[in-house]
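Colleague: One predicted model, sequence on top.
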Amino acid sequence: MTSATTYYQTNIDTDITYLKGVGPQRGRALKQFGIENTGQLLYHFPRRYLDRTNIKKINQVKIGEEAVLIGKVESFGLKQAGRRRFFQLNMDDSYGYLSCVWFNGISWISDKFQIGDNIAVFGKIEFRNGFQIIHPEFDILEEGEDPVNTGKILPQYASTAGLKSVGLDSRGFRKIINIALELVSSQIIDYFTPPFREEEELYSLMDALLQIHNPTDAHHLQSAVYRLKYDEHFFLQLLMALKKMKRDDQRGRVFSKRGEYEKLIFDQLDFSLTSAQIQVLKDIRNDLGSTTPMNRLIQGDVGSGKTIVAILAAAIVVSHGSQVAVMAPTEILAEQHFKSFELFCKPAEMKIALLTGNLKKGEREEIYNGLQNGHIQMVVGTHALIQEGVSFQDLGMIIVDEQHRFGVEQRKALIDKGYSPEVLALTATPIPRTLAFTIHGDMQISIIDELPKNRLPVITKVVEPSRMEKVYDFMRKEMDAGRQCFVIFPIIEESETRDWKAADTGFKHLSTSVFQNYQLGYIHGKMKKEERDEQMAAMADNHIQCLVATTVVEVGIDIPNSTVMVIENAERFGLTQLHQLRGRIGRGSHQSYCILVKHGDSPESVHRLQVMESTTDGFKISDEDLKLRGPGEFFGKKQHGYIKSKIANFTEDGAIIRQTRKRAFDLVANDPNLQLERNQKIKEQFIENYRHMLEFVNIN
């Protein structure tokens, strides 16, 4: 195919190799990057913009202002000031000199630059023996461009080493994207009608794509970004609306009475429910009394009492003669739930079983038979519950713990084992409201935002390793008073590639030296179940005063007598994980303390630990975690295949999410199957976006 032929035959589905300016070598590199055709290239959005319409010369800057400056790298290297090391780069723009300084975690930046590089930096101007920016944002510019006189807002594209090696840095991307825009502009079909765009104040799709890659000015760029964000959020909310409609159209059974089991359990509780728990139970009872199957998520911080609410809800269903299945993501959590359900349900003498993957064949077959003939009224388990051999006599409710750790297909596989069963999901990972609309937009949401009355907030402190002797003295005092401690390590064994504290060597050191006069235990994820159970039972019975562990104790561990948790290499953990670990203490009536031992000090890790020190509010922590990691990492990418954001920002787009949610739900209310002519293009695009989700909606 000649280049001329390629030029005239290009369309949005054209293999990227045959786009003018690409060719076989670049085509292979782009495909490895996930860009298969011309249309996908147009959705390779800039990662940031360099506003060259407002660039300052170094001799024009003022102390305290934020500025963009462009110049050449004159020198760089590691420096030492007292005990503090830092990386310093000096640049020159022919009008003056500027130093850029990075403290903390500096290994990542030490190989970024070469002498003579053209760079653009952005940050707050300070003056210390000359103009300086601390921790500036920066871009290394391409050769051959006039960096100062372009007078444009210039897009900067994400580019791997493989792409750069074939000339696809920001400059290369701009060139081929502009060719693509010119060739396919007439083929970009907008799925929103002109009246729709006018009502929502949206750019046309073509204008948005043009302006996102070649912004005329800041206003046009802002409008383009809004339109493209709107698209992502709208179709995701449309998926939520269609899923909810399909669920609402189903007819289930009515579980209207509390029943004898629920009353027996409730009457034997040795504590009072909080107001929040009582309200959530009212929500659940209203759901159970409706012909529409329940589809509710309970959000509650660690220790807020979600489990007893789930037990009471399950008892109502069992009282009507139906069965309940409780699915947890790990064996440890399933075992903990089984113990809790068994303990609380003892007054009602309910038949409860535990089904996990490590059962012997005979034990597994016995449970299979008990579920099939109805003898087992409730089963707690892992993914083993969705195996082909598991069938129920009458599955009336499923309870899914930490449901974001299961794929939608896995949850559906369990639902399909019953006839429109009630669905109750639990999570101790508080989800920011805007993200809850996105992740769980098809569910009703209840929040338990109140801790039991006897709980005291955990006091959290960040400490340097040099203060560990004082920490150990404090732990001894707590253990001497009859209370218990945890020490958490990030890994089991020492690693040559990671300078992290390890549990194996930590346990040996603590048990033979630091706490040689105390009873220590040790568990990690690779231990045999019997050994782990033995250690946990000893901890629960207060035969172990200090338990050394890895993150295997993150969930499902309830030791009310434990008051101290020390987390080594705390900077290596995510915020949500730190919060979950901290939730293992503070579950009794004594004041508890979480001590975060900081061995590294990158800016991001310092910020995370400061957040942990400043609040015990899980919702505030989840907000910060989401900002730092994004929704894919926050939940685990494989669990949420339908969140593939290219431009949407779930922490900043609250207003857009609310608007698109309203519009999508209104559209489905007025045209449930998207059959109206004005919605045909929306329907086609929805099917294109969510082909893998069509079994969950009434669209074909």
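Modeller: All right, it came through fine.

Colleague: Figure out the helix or strand that Val566 lives in.
Modeller: In this structure, Val566 is located in strand 562-567 according to DSSP states H and E.

Colleague: Please list the outside residues in contact with the helix or strand following that strand.
Modeller: Scanning the chain past strand 562-567 towards its C-terminal end, the next helix or strand to appear is helix 575-582 (assignment: DSSP H and E). With contacts defined as CB atoms under 8 Å, 6 or more residues apart in numbering, helix 575-582 is touched by 302, 428-429, 458, 460, 488, 551, 553-555, 565, 567, 570, 573, 594, 596, 608, 611-612, 616, 618, 621-622, 624-625, 628, 634. All C-beta spots, glycine's among them, are computed from the backbone N, C-alpha and C.

Colleague: From the contact counts, what lies against the helix ranked longest in the chain?
Modeller: Identified as the longest helix of the chain according to DSSP state H is helix 218-249. Using 3 or more CB pairs under 8 Å, 6 or more residues apart in numbering; DSSP states H and E as the contact criterion, the elements in contact with helix 218-249 are helix 205-213, helix 433-439, helix 654-670, helix 680-689.

Colleague: Give me the contact list for the third one.
Modeller: Contacts made with helix 654-670 from outside it, assessed by CB under 8 Å, 6+ apart, are listed as 200, 226, 229-230, 233-238, 240-242, 245, 433-434, 437-438, 441, 648, 650, 674, 679, 682.

Colleague: In ChimeraX, how would I select just the buried ones from the residues you listed?
Modeller: Applied in ChimeraX, the following selects the buried portion of the contacts of helix 654-670 according to 16 or more other CB atoms under 10 Å:
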select :226,229,230,233,234,235,236,237,238,240,241,242,245,434,437,438,441,648,650,674,679,682
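
Colleague: How many residues are close by Ala314?
Modeller: 31 (other CB atoms under 10 Å).

Colleague: residues contacting it?
Modeller: Taking CB under 8 Å, 6+ apart as the definition, contacts of Ala314 comprise 324, 326, 341, 378, 397, 399.

Colleague: which stretches of the stretch 1-150 of the chain have low pLDDT?
Modeller: Filtered on pLDDT under 70, the stretch 1-150 of the chain yields the residue ranges 1-9, 52, 105, 143-150.

Colleague: please redo it, this time with the cut-off set to 80
Modeller: Along the stretch 1-150 of the chain, the model assigns pLDDT under 80 to residues 1-10, 50-54, 81-84, 104-108, 110, 139, 142-150.

Colleague: same question, the stretch 151-300 of the chain
Modeller: For the stretch 151-300 of the chain, counting by pLDDT under 80, the residues that fall below are 151-152, 159-161.

Colleague: which residues in it form helices?
Modeller: 161-164, 170-184, 194-200, 205-213, 218-249, 259-267, 275-288 (DSSP state H, counting those that start in this stretch).

Colleague: In CSV, could you pull the C-alpha coordinates for the last one?
Modeller: Coordinates of each C-alpha in helix 275-288 appear next as CSV, following Å, rounded to 0.1, in the frame of the first residue of the first chain:
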residue,chain,number,x,y,z
SER,A,275,-28.5,4.2,66.0
ALA,A,276,-26.7,3.7,62.7
GLN,A,277,-27.0,-0.1,62.9
ILE,A,278,-30.7,0.2,63.8
GLN,A,279,-31.3,2.5,60.8
VAL,A,280,-29.5,0.1,58.4
LEU,A,281,-31.6,-2.8,59.7
LYS,A,282,-34.8,-0.8,59.0
ASP,A,283,-33.5,-0.2,55.4
ILE,A,284,-32.9,-4.0,55.1
ARG,A,285,-36.3,-4.9,56.5
ASN,A,286,-38.0,-2.6,54.0
ASP,A,287,-36.1,-4.2,51.2
LEU,A,288,-37.0,-7.7,52.4
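
Colleague: please begin residue numbering at 288 from this point
Modeller: Understood, numbering begins at 288; the last thing we discussed is helix 562-575.

Colleague: now the angle from that helix to helix 546-554?
Modeller: Here the directions of helix 562-575 and helix 546-554 differ by 180 degrees (axes from the mean of the first three to the mean of the last three CA atoms, to 10 degrees).
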